[in-house]
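Undergrad: need a structure here:
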Amino acid sequence: NLTGLIGAKIEASNPISVSNGNFNAIYTFENFTNNDVLMDQSVPIERLGKDFILVKGNGPALNNMESGLIVATEDNTKITVNGTELGVILNKGQYFIADSGFYLDKGNNHFNMSISTSENVYLYQLLAGVDDANGNPYATGGFNFIPALSCFLPNKIDEISDINKIGNDFFNAKLNVITEKGADVFVNGTKLGGTQGPFPVTGNPNWETYNVLQVTGNITVNSTKAVTAGIASGNGAVGYGGYFAGFNSNPIISKGG
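TA: You can find the predicted model right below:
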């Protein structure tokens, strides 16, 4: 049921926390065993934006479990992917899935995608899992809420603990980093480079991406400019992801008397 995605507009008289997603759903024709629990928190509309970058997770290229779900909050929302306007116009509450074909190969098995919209939108990244012994990436899908890009994002992420561990089990973890172009990026004090990046982003030349494979333990990401990062991890039976950014805030200039 490809039109089975449903939603709700939520308003409250006091601050609330909202989680959304699905339980036991199948969202591609790739395989009919890809049902999983996909949940993440949401944010108020005033925290949304118009410019985003996705970096592919662990799924193979052109696997449609790797895609972006765009949800409009205003009528007449236009979508541009990798610098090309798609001719898709969404009204409030409608959605569009930018499938895996929009990811661009930047070399070294690194794929990214830029998305921009004419109005503020919600963007969720759908992720494939880590291959099991039979090469099946479908059993452990993922679902990350993606904040919008901004030069006001922080330049340090230091809250990622035990990145490759859940309980007493250890997993293969991949760290994806998005930062402003020209930045120096460090993970646990080691500067990234070479096969890790930077990789250019088609349609958004002001930002670039990195990936670090097989990361372990506690992780701190530092950049000389604004930075955000996500993880994709798991094995053939367990999958998990996450996105670490904080939220941008516009500076306020005040004058005292």
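Undergrad: packing partners for the strand ranked longest in the chain?
TA: Looking only at the chain and at elements set by DSSP state E, the strand with the highest residue count is strand 111-127. Under the contact definition 3 or more C-beta pairs under 8 Å, 6 or more residues apart in numbering; DSSP states H and E, strand 111-127 sits against strand 49-55, strand 67-72, strand 77-81, strand 95-98, strand 104-105, strand 142-145, strand 239-244. Every residue, glycine included, has its C-beta placed from N, CA and C.
Undergrad: and with 7 Å instead?
TA: On a contact count with 3 or more C-beta pairs under 7 Å, 6 or more residues apart in numbering; DSSP states H and E, strand 111-127 meets strand 49-55, strand 67-72, strand 77-81, strand 104-105, strand 142-145.
Undergrad: Please render those as CSV that adds distance to Ile166 to the earlier fields.
TA: CSV is the format used below for those (distance: least, C-beta to C-beta, whole Å):
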stretch, distance to Ile166
strand 49-55, 22
strand 67-72, 25
strand 77-81, 34
strand 104-105, 31
strand 142-145, 14
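Undergrad: can I get these in TSV with mean pLDDT and distance to Lys181?
TA: Formatted as TSV, these follow (pLDDT from 0 to 100; distance: least, C-beta to C-beta, whole Å):
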stretch	mean pLDDT	distance to Lys181
strand 49-55	95	12
strand 67-72	94	21
strand 77-81	98	19
strand 104-105	96	16
strand 142-145	86	23
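Undergrad: For the longest strand of the chain, which strands pair with it and how are they oriented?
TA: If you go by DSSP bridges, strand 111-127 pairs up with strand 49-55 (antiparallel), strand 67-72 (antiparallel), strand 77-81 (antiparallel), strand 104-105 (antiparallel), strand 142-145 (antiparallel).
Undergrad: what's next to the shortest one, contact-wise?
TA: Residues outside strand 104-105 that contact it (C-beta atoms under 7 Å, 6 or more residues apart in numbering) are Ala61, Asn82, Phe111, Asn112, Met113, Thr202.
Undergrad: Going through the residues you listed, which ones are buried?
TA: With neighbours counted using 16 or more other C-beta atoms under 10 Å, the contacts of strand 104-105 contain these buried positions: Asn82, Phe111, Asn112, Met113.
Undergrad: State the pair within those residues that is farthest apart.
TA: Asn82 and Phe111 (11.3 Å; C-beta to C-beta).
Undergrad: mind showing which ranges of the stretch 151-257 of the chain have poor pLDDT?
TA: Residue ranges of the stretch 151-257 of the chain with pLDDT under 70: 236, 245-257.
Undergrad: redo that, cut-off 90
TA: Along the stretch 151-257 of the chain, segments meeting pLDDT under 90 span 151-174, 214, 216-217, 230-257.
Undergrad: The stretch 1-150 of the chain too?
TA: For the stretch 1-150 of the chain, applying pLDDT under 90 flags the ranges 1-9, 20-43, 46-47, 57-66, 109, 126-144, 147, 149-150.
Undergrad: Repeat the analysis, applying 70 as the threshold.
TA: Using pLDDT under 70, the stretch 1-150 of the chain drops low at 1-4, 34, 132-133, 135.
Undergrad: Surely Tyr95 touches Leu5?
TA: Yes - counting by C-beta atoms under 7 Å, Tyr95 does reach Leu5; the two are 6.0 Å apart.
Undergrad: Find the nearest non-adjacent residue to Val81, please.
TA: Spatial nearest neighbour of Val81, excluding adjacent residues (C-beta to C-beta, 6 or more residues apart in numbering): Phe102 at 5.1 Å.
Undergrad: got the phi/psi numbers for that neighbour?
TA: Backbone torsions for Phe102, taken as degrees, to the nearest 10, come to phi -80, psi -20.
Undergrad: And it, how close does it get to Thr202?
TA: Phe102 is 10 Å from Thr202, where distance means C-beta to C-beta, to the nearest Å.
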